[in-house]
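# this is the structure alone, sequence omitted:
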């Protein structure tokens, strides 16, 4: 059965991006530090068409995140520049260049219509304007029985968690304090989690949970 899974890096004080996010600084002040653990890994580099890299306990966690994934959902700010309103620049095709690392359909939750964007490597961005439930239903259909990944940002992850639609949540906890920014748990209450495992890696602790329904 297809599951909705989320893997996301988070600071000790609960932020998945730092304060003052912008086009020039999409992860906010200090937010790049949240991903220092993953960029050197062989599995991450392979997914971004790079060679070499480190192999450690975190490497297997990243490999596992990619397994059995057939589609994804993300929020608008995860896809493009910070801010709402109609799409001003339809030439914008995401933060990841012409060949994004997904290689499957990605459904972007937004309030504003936009035609699908087909990229190299099998990634197609489809823009969903009728809510998170519709985005998930479309992603599950496109995944063809495989799992759907929820890639962020913090607001849309919180929405899926609060709505009881998320099945698994893996937090990559980095020992930094950002003091502000984007959160997952700001408006989430009453959600029960069952811890499945804890994995220690260089500079990060991976905490995997099942969301109890």
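Great, that's in hand. Being a predicted model, the structure only gives us computed values, none of them experimental. Numbers count the residues shown, from 1 in each chain.

# what does the residue nearest the centre of the chain show for phi and psi?
Central residue of the chain (C-alpha atoms, centre = their mean): residue 151, 1.6 Å from the mean position. When read as degrees, to the nearest 10, the backbone of residue 151 gives phi -100, psi 0.

# again, but for residue 171
Per degrees, to the nearest 10, the backbone of residue 171 is at phi -100, psi 130.

# flag every buried residue along the strand or helix carrying residue 142.
According to DSSP states H and E, residue 142 maps onto helix 132-143. Within helix 132-143, the residues that count as buried by 16 or more other C-beta atoms under 10 Å are 132, 135, 136, 138, 139, 140, 142, 143. Heads up, the C-betas are built off the backbone N, CA and C, glycines and all.

# pick the one among those closest to residue 17.
Checking these against residue 17 with C-beta to C-beta, the nearest one is residue 132 at 19.2 Å.

# OK, contacts around the closest one?
73, 109, 156, 159, 160, 163, 165 (C-beta atoms under 8 Å, 6 or more residues apart in numbering).

# let me know the helix or strand that the fourth one is in.
Residue 159 belongs to helix 154-162 when assigned by DSSP H and E.

# hmm, who's touching that helix?
Contacts of helix 154-162 (C-beta under 8 Å, 6+ apart): 4, 6, 8, 15-17, 73-75, 77-78, 109, 132, 136, 150, 166, 169, 181-189, 191, 211.

# just the helices in this protein please.
When secondary structure is read from DSSP state H, the chain shows helices at 42-47, 57-66, 76-79, 132-143, 154-162.
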